[in-house]
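In: quick one: sequence plus predicted model below, questions after.
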Amino acid sequence: MLTAALVVIDVIISVALIVLILLHSGRGGGLSDMFGASTGSSAAGSTVAERNLDRITIVFVLVFTFVTVALAIRWSG
């Protein structure tokens with residue numbers, strides 16, 4: 001039962017991470033350009049939305065890591 005719950009959480013976090021990573025700015029503007037920011041504001045530095053997106057992504061990565069390690073321990077033991 002616990003293993004099934006961990007697998008479901010792992011899959012949900014994986015999909016969320018894919019979406020969050022795709023929202024990050026690459027060579028284009030990413031999140032800034034999506035919401036209509038001009039090139040001047042994206043050249044000035046990261047916006048509050050981008051910093052919050054970074055923080056959310058880091059939290060999801062940490063949760064994903066712990067759930068994956070828990071699954072590995074549970075699976076092997």
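Out: Everything's here; your move. On a predicted model such as this, the values are computed, not experimentally measured, just so you know. Numbering: from 1, shown residues only.
In: tell me which helix or strand of the chain sits lowest on mean pLDDT?
Out: Taking mean pLDDT, DSSP states H and E as the measure, the chain has helix 39-43 as its least confident helix or strand, at a mean of 52.
In: now do the SS call for Ile21.
Out: Classification of Ile21 using DSSP: H, G, I helix; E, B strand; the rest coil returns helix.
In: look up the closest residue to it, ignoring the ones flanking it.
Out: Excluding its sequence neighbours, the residue lying closest to Ile21 (CB to CB, 6 or more residues apart in numbering) is Thr57, at 6.8 Å. Where C-beta positions appear, they are placed from N, C-alpha and C, glycine not excepted.
In: now do the phi/psi pair for the one you found.
Out: Taking degrees, to the nearest 10, you get phi -60, psi -40 for the backbone angles of Thr57.
In: how many residues are close by it?
Out: Thr57 has 17 neighbours, counted by other CB atoms under 10 Å.
In: what of Leu22?
Out: Using other CB under 10 Å, Leu22 has 10 neighbouring residues.
In: tell me the pLDDT of it.
Out: Note on Leu22: pLDDT of 93.
In: mind listing what's buried along stretch 57-67?
Out: Applying a neighbour-count criterion of 16 or more other CB atoms under 10 Å, one finds Thr57, Phe60, Val63, Phe64, Val67 buried in stretch 57-67.
In: what is the helix or strand encompassing Asp54 packed up against?
Out: For Asp54, the element it lies in under DSSP states H and E is helix 48-76. Contact here means 3 or more CB pairs under 8 Å, 6 or more residues apart in numbering; DSSP states H and E; on that basis helix 48-76 packs against helix 2-23, helix 31-34.
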